[in-house]
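Asker: Turn this into a model:
(one chain, ligands or ions: 1)
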Amino acid sequence: MNGQIIFSDDEIFLKKLVNEDFLTSLISSDDKTLQSKFIERADDKRREFFSNRIYIRGLIEFSNYCKNDCFYCGIRKSSKIARYRLTKDEIMETCSEAYSAGIRTFVLQSGEDLFFSKEKIVDLVSSLKNEFPGSALTLSIGEKPKDEYKAYKIAGADRFLLRHETINKEHYEKLHPISMSFENRLRSLKDLKDLGFQVGSGFMVGSPWQTARNLAEDLRFLRLIQPHMVGIGPFIPQKLSPFKDFPPGSADLTVFLIALIRLLIPDALIPSTTALETMNRREEGIKAGANVIMINISPDKARGKYIIYDGKPRSVLSVSDELEKIDGKLAKAGFSMSLDIGDSPRVL
Ligand code: SAM
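Answerer: All right, here's what the predicted structure looks like:
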């Protein structure tokens, strides 16, 4: 790689970009000049589709119970941590405060907590959709049978986040215990798409044993399935997890990959994730093509307990103060904070 690629027309460029060998060599390259060319191009692409708007989502981490034992995750079943669940009233109250502050997307995230049965989630979804008109509801609650996903969709859930984590089966099996199945993850993603959800997928950058080729495969997979949303963030070790001694993923590489994803799926909603923020790089993620920021609106009961990785930032600000702070920062960097519902352009 020598930084001399002449960017001609989009088609030739994309054709090159979807080539796995080309992607692998790009990802392995440490050529900052070349990387910044891609980042600039991704920035242009984001502006073409979304202007300078950055959408805000309110994230509620409503339970840290989990039936799974993913080796990388701090809230895995075997982790000896304090567990909590928010009640329906607590979730409604949290959303009410955020709704008054202008938030129009709620992201309900949890471990795979069987206490929250299909009926409980359906009740929660329909209550939230009734109570907060004009808002979008995103679920991030893991793998479920298709009939459950269908019930959530009928109840009014709009979007669903489920990272594929890695598209290489061998790699997937190194990150997860035998009780979890690569095929079931892919089946879940397909069901969600078939049911008409706006679907989000993604992966961690720098997870143990991940290679540049794995990442190239992940990008090609994303391009193939065209999710409406793509979330990636650096792997960050958590001290109670089996992967506690592995090094963290690279923030530089994460930023570069955000740019590549923007170029491969130009209309995607791409958050500059909390994991990137942990490394103080959220703004760079935005400049590289991300167009979504998730703010944590979980109430005190949850704060500090949803420790999927160490060093997770914890704001003490109220939702409106947090929004004011983000608005100021974004404006300074030439962006404009948007509290619109921010649906995927594909569903408009
Ligand atoms: N249970 C739901 C699921 O599996 O989709 C949602 C919660 S799960 C904790 C959300 C995401 O956190 C995972 O998809 C994973 O990529 C990310 N995550 C977990 N442990 C992490 C770590 N140590 N570093 C960075 N990201 C991590």
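
Asker: you'd agree residue 160 is in a helix?
Answerer: No. Assessed by DSSP: H, G, I helix; E, B strand; the rest coil, residue 160 does not belong to a helix; its assignment is strand.

Asker: Which residues are in contact with it?
Answerer: 138, 139, 140, 149, 152, 192, 197, 198, 199, 200 (CB atoms under 8 Å, 6 or more residues apart in numbering). C-betas here are computed from N, CA, C, even on glycine.

Asker: What is the three-state secondary structure of the fifth one?
Answerer: What that stands for is residue 152. Secondary structure state of residue 152, per three-state DSSP, is helix.

Asker: just the fourth one next, same as before
Answerer: Under the three-state scheme (three-state DSSP), the conformation of residue 149 reads as helix.

Asker: Quick one, grab the pLDDT at the closest residue in space to residue 292 that isn't next to it in sequence.
Answerer: The spatially closest residue to residue 292, leaving aside those adjacent along the chain, is residue 271, at 4.0 Å (CB to CB, 6 or more residues apart in numbering). Turning to residue 271, the model gives it a pLDDT of 97.

Asker: wait, doesn't residue 271 sit right on residue 290?
Answerer: Yes. Under the criterion of CB atoms under 8 Å, residue 271 is in contact with residue 290, at a separation of 6.1 Å.

Asker: Tell me how many other residues surround the residue of the stretch 151-300 of the chain found nearest the ligand.
Answerer: Each residue of the stretch 151-300 of the chain has a distance to the ligand, by CB to the nearest ligand atom, and the smallest belongs to residue 163, at 3.8 Å. As a burial measure, residue 163 scores 19 neighbours (other CB atoms under 10 Å).

Asker: now the one 3 residues further on
Answerer: Look at residue 166: counted by other CB under 10 Å, it has 25 neighbours.

Asker: Would you confirm that it contacts residue 172?
Answerer: Yes. Using CB under 8 Å, residue 166 and residue 172 qualify as a contacting pair, with a distance of 5.1 Å.

Asker: just the helices in the protein please.
Answerer: Defined through DSSP state H, the helices belonging to the chain, from first to last, are 10-17, 20-28, 32-50, 88-100, 118-131, 146-155, 169-175, 182-194, 212-225, 251-264, 274-278, 282-287, 319-332.

Asker: Skipping its backbone neighbours, what lies nearest the residue of the stretch 151-300 of the chain closest to the ligand in space?
Answerer: If the residues on either side of it in the chain are set aside, residue 163 comes closest to residue 202, at 4.4 Å by CB to CB, 6+ apart.

Asker: mind listing what that neighbour touches?
Answerer: Applying CB under 8 Å, 6+ apart, one finds that residue 202 lies in contact with 163, 164, 222, 227, 230, 231, 232, 233.

Asker: for the ligand, what are the nearby residues on the stretch 101-250 of the chain?
Answerer: 109, 111-112, 140-142, 162-163, 165, 204, 233, 235-236, 238 (CB under 6 Å from any ligand atom).

Asker: Keep only those of those residues that are in strands.
Answerer: Among those, the residues falling in strands (DSSP state E) are 109, 140, 204, 233.

Asker: would CSV of the residues you listed with pLDDT be doable?
Answerer: Conversion of those to CSV gives the following (pLDDT from 0 to 100):
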residue, pLDDT
109, 98
140, 98
204, 98
233, 95
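
Asker: contacting residues for the residue most central in space within the chain?
Answerer: The chain has residue 231 as the residue nearest its centroid, 2.9 Å off, counting by CA atoms, centre = their mean. With CB under 8 Å, 6+ apart as the criterion, the residues that contact residue 231 are 161, 163, 200, 201, 202, 270, 271, 273.

Asker: I figured the third one was touching residue 225, is that so?
Answerer: No. With the criterion set as CB under 8 Å, residue 200 and residue 225 do not qualify as a contacting pair; they are 11.0 Å apart.

Asker: So which of those two has more stuff around it?
Answerer: Here residue 200 and residue 225 are set side by side on neighbour count (other CB under 10 Å), and the busier one is residue 200, at 26 against 16.

Asker: Other residues contacting the worst-scoring helix or strand of the chain on mean pLDDT?
Answerer: Least confident element among the helices and strands of the chain, by mean pLDDT, DSSP states H and E: helix 10-17 (a mean of 78). By CB under 8 Å, 6+ apart, the surrounding residues in contact with helix 10-17 are 7, 22, 23, 260, 263, 264.

Asker: between that helix and helix 32-50, how many degrees?
Answerer: Inter-element angle recorded for helix 10-17 and helix 32-50: 130 degrees (by axes from the mean of the first three to the mean of the last three CA atoms, to 10 degrees).

Asker: Export helix 10-17 to PDB, keeping only CA atoms.
Answerer: Listed next in PDB are the C-alpha coordinates belonging to helix 10-17 (Å, rounded to 0.1, in the frame of the first residue of the first chain):
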ATOM      1  CA  ASP A  10     -17.700   4.900  -7.000                       C
ATOM      2  CA  GLU A  11     -18.300   1.700  -8.800                       C
ATOM      3  CA  ILE A  12     -14.700   0.900  -9.600                       C
ATOM      4  CA  PHE A  13     -13.900   1.800  -6.100                       C
ATOM      5  CA  LEU A  14     -16.500  -0.400  -4.500                       C
ATOM      6  CA  LYS A  15     -15.700  -3.400  -6.700                       C
ATOM      7  CA  LYS A  16     -12.100  -3.200  -5.500                       C
ATOM      8  CA  LEU A  17     -13.300  -2.700  -1.900                       C
END
